[in-house]
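>>> Sharing a sequence plus its predicted fold:
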Amino acid sequence: MGDVENGVENGMENGEESMVENKVVADDSLTGVEHVAASKSLKGTHGSCLLWRDVAVTVKTKKGWFSGKSAQKKILDEVSGLVAPGEMLFIMGPSGAGKSTFLDALTDRIAHGAEGNITLDGVKVDQNLLVRKSKYVEQEDHMYASLTVRETLMFAAQFYCKEAAVRRPRVDETLTVLGLTEQADVKVGGLFVRGISGGQKRRLAVGTQLLALPSILFLDEPTSGLDAAACEHLIAYLRKVAKEFGLTIVCTIHQPATEVFMMSDRLLLLSQGRTAYFGPTAGVEGYFERLGYPCPELTSIAEHVIHKINGDFGEKEVVEEILDSWPSTKEYTKMQDEMREEEDLVSSKDQTTEKIRGRSYATGFASQLFTLLHRIFLNTLRNPLVLWMRVAMYCMLGLFTGTAWLLLDRVACNVVDFAGALFFISAFMVFMSISVLPSYIEERYLVMHERANGAYGVIVFNLAHSLVGFVMAFILALTAGSINYWLVGYNPEFGRYCFFILNLFLALTVAEGMMTLIASIIPILILAFAVAACVYGAFMVVMGFFIRLDNIGWWWRWMHYISLHSYSFSSFMINEFGGTEWPACPPVDGQPGTPAISGDQVLERYDYNQFNMWINCAILVGMVVFYRGATTLWQWKFHDARK
Ligand SMILES: Nc1ncnc2c1ncn2[C@@H]1O[C@H](COP(=O)(O)OP(=O)(O)OP(=O)(O)O)[C@@H](O)[C@H]1O
C-alpha cells in the first residue's frame with residue numbers, strides 16, 4: 001500500500017486530477033463479486049485499503065442516579081473486515097444496530113477509543129492520519145445559511161484543493177453531478193432566509209467533501225432526506241468516482257432501493273453490534289438463502305435482510321441464529337483469508353509505521369486565513385443576527401439614552417446623571433454582546449466538522465474570527481457611541497470623544513472575546529445565555545458604581561479586578577470628569593442649590609482617582625488576548641472529532 005509519506009502524497013497530489021472526465025471506468029455489467037475483484041487492480045492508484053480486525057466498543061451505563069453503580073454494555077462486538085481502493089462499502093442494519101458507532105470507531109471518534117485493530121494501508125488509524133487521508137460527511141449538515149450553494153462549494157475547494165486552477169472546474173462539475181446547477185446561486189438558507197431543501201443540503205454536504213478527492217470518504221447516511229431519484233443519482237456518482245480514482249468509500253445507509261443497494265461492492269450487515277454478514281453485496285442473497293431465509297418474490301433483497309436481522313421487531317431466535325452462524329460460514333473464512341493476505345502484503349513492504357505527528361493541510365496558513373476572513377466577512381454582512389441586528393439594537397439604545405439625557409446641562413447637580421449615563425453605556429452595551437451567542441454556537445459545529453476534515457487549524461480560525469470581531473466591535477462603538485455621545489452632551493473636546501469611542505470599542509471587544517469562550521465551553525444556548533448573564537450581572541455589581549471597592553465584602557473584592565466593567569467604566573469617568581469644573585446650581589423651588597465641584601472630586605468620590613485610563617486600556621487589551629487565547633486553547637484541547 002506504499003509507505004506513509006507516499007500515501008499522504010498520493011492523497012493530496014492525486015486529488016488534484018480533474019474530475020471533469022465523464023467516462024465510467026467500472027463495467028456496470030459486473031456482478032458485485034466481480035466488482036470487488038476488478039477494483040483490486042486499482043489498488044494504490046489513489047485510495048487506501050481500510051482494514052479492521054475484532055473491533056469492539058464498550059460503554060459504561062449508569063444503573064441509577066443514586067445507586068452509583070455502573071454497568072458495561074458492549075455496543076460493538078468483534079467486527080472485522082476490509083475495503084479496498086475503488087470499492088464502496090455499505091454498512092447496513094436495523095436502527096440501533098451500531099452503524100454510527102462502527103463508523104465512529106473506524107474514524108477514531110470514540111472518546112475512550114475502540115478495541116481491536118484498525119489500519120489504513122497498514123498504518124494504525126488515528127486523527128492525524130485521517131485528517132491527511134480522509135473526509136467525513138456527518139449526518140447533520142453544518143453550513144453557513146447565508147452563503148449560496150456555489151460559494152459553499154467554492155470555499156470548500158479553497159480549503160481542500162491545493163491547486164487553484166482545479167477549484168472552479170471541480171465546483172462546476174460537483175454542481176452538475178449533484179443536480180444542483182439550478183440552485184447554484186440560491187442561499188443554503190436557515191432561520192431568516194428560505195433556501196435549498198433538506199435533500200439538496202444533504203447533496204451539498206457530500207459535494208463539499210467529495211471535491212477534495214480524499215483517499216477515503218466516510219459518509220454517515222448521505223441519502224437520508226433524498227428522494228429515490230436523487231438517492232440513486234448520488235450513489236451512482238459516488239460509485240463512479242470510486243472506480244475512476246480508486247477512491248475508497250465507506251457509507252452507512254438505511255434500506256436503499258435494490259438498484260442503489262447493488263451499486264455497493266461490499267456489504268457489512270450489523271445487528272446488535274455483531275456481524276450478520278460481510279462480503280460482496282451480490283453474494284448476500286445466496287448467503288441468506290443458504291441459511292434458510294430466501295428472499296420472497298416481490299421483496300427487495302435489502303428490505304429482506306434488514307427484516308431478518310431486526311431483533312426489535314423480528315423473530316429474536318432467527319436473529320440469534322444468523323449472528324451465531326456467521327463465524328462458521330465460508331464467507332467468514334474468505335474474509336479472514338483476504339484480511340491475512342492484505343496484512344501479509346503490507347508487512348512485506350517497507351512500511352513506515354512511525355506515528356504521523358501533527359496535521360497537514362491542503363493549503364497554507366495565509367491561504368486559510370484569507371479564505372476564512374472572506375467567508376466570515378460575507379456571513380457577517382449577510383446574516384442579520386451577526387451584524388445588522390446588533391447595529392440596529394445598539395443604535396436604538398444609543399438613541400434612546402441620548403434622547404433621555406438630551407443635552408443635559410454640565411453643572412454640579414447633574415454629575416450623578418452623567419455618571420448614570422456612563423454606567424448605562426458601559427454596562428448595557430457590553431451586556432448586549434450576548435446576542436452573538438446563537439450564531440457562535442451554531443458556528444461551533446461547522447468549525448469542529450471542518451477542522452476534523454483538515455480544512456484549517458484552530459489558531460488560524462480564531463485569528464480570522466478575532467479580526468472580523470474587531471471590525472464589528474469598531475462599527476458598533478462608532479455608530480452607537482457617536483449617537484449617544486453628542487446627544488447626551490458629554491465633554492465636547494474632540495480628543496475626549498475619540499477616547500470614548502476607543503474605550504467603548506475595547507469594552508465590546510473584550511465582551512465579544514468572553515462570548516466566544518462561553519460559546520466554546522457551553523454548547524447549549526439557554527445555558528450559555530444564563531452563564532453570560534450571571535457573569536455580566538456579577539461584574540456590574542463589583543465595578544464600583546453601585547458600591548465602592550472598599551465597601552465590597554473582601555470575599556468578592558477580587559472580582560472587581562477581573563471585571564472588564566471596572567476598567568471600562570473608570571476610563572469613561574476619568575475621560576468625562578478628569579480636569580473639569582462643574583459650576584454650582586442655584587436653589588430651585590425651595591430646594592437648596594449644589595455647590596460647584598471639580599471633576600477630580602467626583603472621581604475621588606467613586607475611588608477612581610487612583611486609576612489611569614491608559615493603563616485601563618492596556619488591561620482591556622490584555623483581557624482580549626486572554627479570552628481569545630483561552631478560546632483557542634479550549635477548542636484545540638476539547639473540540640476534536642471524538643465523542
Ligand atoms: N454512549 C452510549 N451509552 C449507552 N448506549 C449507547 C451509547 N452509544 C450508543 N449506544 C447504544 O448503542 C447502540 C448502537 O447505537 P448506534 O447509534 O451506533 O446505532 P445505529 O445503528 O447507528 O442506529 P440508527 O440507525 O438509529 O442511527 C444503540 O442501542 C445505542 O442506544
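Cool, got the structure. Numbering: from 1, shown residues only.

>>> quick one, what contacts A412?
W582, P583, A584, C585, T594, P595, A596, I597 (Cβ atoms under 8 Å, 6 or more residues apart in numbering). (Glycine included, C-beta is placed from N, CA and C.)

>>> If you rank those by neighbours, which is first?
Using other Cβ atoms under 10 Å as the neighbour criterion, W582 leads the contacts of A412 with 22 neighbours.

>>> From the ligand, how far out is the nearest residue to that one once chain neighbours are set aside?
Closest residue in space to W582, ignoring its immediate chain neighbours: A412 at 4.4 Å, by Cβ to Cβ, 6 or more residues apart in numbering. Plainly put, A412 is 67 Å away from the ligand if you go by Cβ to the nearest ligand atom, to the nearest Å.

>>> Next, A412: phi, psi?
A412 has phi and psi values of phi -60, psi -40 when expressed as degrees, to the nearest 10.

>>> of all of the stretch 451-600 of the chain, which residue lies closest to the ligand?
P523 (16.9 Å; Cβ to the nearest ligand atom).

>>> element containing the closest residue to the ligand within the stretch 101-250 of the chain?
Nearest to the ligand in the stretch 101-250 of the chain, going by Cβ to the nearest ligand atom, is T101, at a distance of 3.3 Å. Assigned by DSSP states H and E, T101 falls within helix 99-106.

>>> which residues sit against that helix?
Here helix 99-106 has contacts from 50, 52, 55, 57, 75-76, 79, 91-93, 109-110, 114, 116, 118, 125, 139, 218, 220, 250, 252, 268, 270, 273, 643, using Cβ under 8 Å, 6+ apart.

>>> repeat that for 7 Å
Applying Cβ atoms under 7 Å, 6 or more residues apart in numbering, the contact partners of helix 99-106 are 50, 52, 55, 57, 75-76, 79, 91, 93, 110, 114, 118, 218, 220, 250, 252, 270, 643.

>>> out of the residues you listed, who's near the ligand?
I75, G93 (Cβ under 6 Å from any ligand atom).

>>> what's the burial count for the residue of the stretch 101-250 of the chain closest to the ligand?
Counted with other Cβ under 10 Å, T101 comes out at 22.

>>> And for P327?
The number of residues near P327, taken as other Cβ under 10 Å, comes to 12.

>>> one step back: and the average pLDDT for the helix holding T101 is what?
Per-residue pLDDT values over helix 99-106 give a mean of 93.

>>> out of the contacts of helix 99-106, which are buried?
By neighbour count, with 16 or more other Cβ atoms under 10 Å, the contacts of helix 99-106 hold 50, 52, 55, 57, 75-76, 79, 91, 93, 110, 114, 118, 218, 220, 250, 252, 270 as buried.

>>> what's the closest non-adjacent residue to L76?
Nearest to L76 is V57, by Cβ to Cβ, 6+ apart, at 4.1 Å.

>>> quick one: the one you found is in a strand?
Yes. Under DSSP: H, G, I helix; E, B strand; the rest coil, V57 falls within a strand.

>>> residues contacting it?
I75, L76, T101, A105, I110, A114.

>>> which one among the residues you listed gets closest to F377?
Closest to F377 out of the contacts of V57 is I110 (36.8 Å), distances taken as Cβ to Cβ.

>>> Could you pull out the buried residues of the strand or helix carrying R168?
Assigned by DSSP H and E, R168 falls within helix 164-177. Across helix 164-177, burial judged by 16+ other Cβ under 10 Å covers V166, R167, R170, V171, D172, E173, T174, L175, V177.

>>> can you check stretch 139-146 too?
D141, H142, M143, Y144, A145, S146.

>>> Let's see which of these end up in helices.
Among the buried residues of stretch 139-146, none falls in helices (DSSP state H).

>>> Dump the residues you listed into TSV; add distance to F155 as well.
TSV is the format used below for those (distance: Cβ to Cβ, whole Å):
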residue	distance to F155
D141	15
H142	13
M143	10
Y144	8
A145	14
S146	12
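
>>> which residue sits closest to C161 in space, ignoring its chain neighbours?
R167 (5.1 Å).

>>> tell me the SS of L463?
Taking three-state DSSP as the rule, one finds L463 in the helix state.

>>> quick one: average pLDDT of the helix or strand containing A366?
Assigned by DSSP H and E, A366 belongs to helix 365-382. Here helix 365-382 scores 94 as its mean pLDDT.

>>> Contacts for the helix or strand following it next, please.
Downstream of helix 365-382, the next assigned helix or strand under DSSP H and E is helix 388-404. Here helix 388-404 makes contact (Cβ under 7 Å, 6+ apart) with 421, 424-425, 428-429, 432, 435, 475-476, 479-481, 483-484, 487-488.

>>> I'd like to know which of these are part of helices.
Counting by DSSP H, the contacts of helix 388-404 contribute 421, 424-425, 428-429, 475-476, 479-481, 483-484, 487-488 to helices.

>>> Buried by neighbour count, from those residues: which ones?
421, 424-425, 429, 475-476, 479-481, 483-484, 487-488.

>>> Rebuild the residues you listed as CSV, extending it with distance to A157 and pLDDT.
Shown next, in CSV, are those (distance: Cβ to Cβ, whole Å; pLDDT from 0 to 100):
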residue, distance to A157, pLDDT
A421, 51, 95
F424, 48, 92
I425, 45, 90
M429, 40, 91
I475, 30, 95
L476, 33, 95
T479, 36, 96
A480, 38, 95
G481, 40, 96
I483, 42, 96
N484, 44, 95
L487, 49, 96
V488, 50, 95
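
>>> Show me the two of these that sit farthest apart.
A421 and I475 (21.8 Å).

>>> In a helix, V250, correct?
No. Applying three-state DSSP, one finds V250 to be strand, outside a helix.

>>> so what's it up against?
Neighbouring residues of V250 by Cβ under 7 Å, 6+ apart: L50, V83, L89, L106, I216, F218.

>>> and of those, the nearest to L372?
Distances from L372 to the contacts of V250, taken by Cβ to Cβ, are shortest for F218, at 24.3 Å.

>>> Now do the helix or strand hosting the closest one, average pLDDT.
Secondary structure assigned from DSSP H and E places F218 in strand 216-220. For strand 216-220, the mean pLDDT works out to 95.
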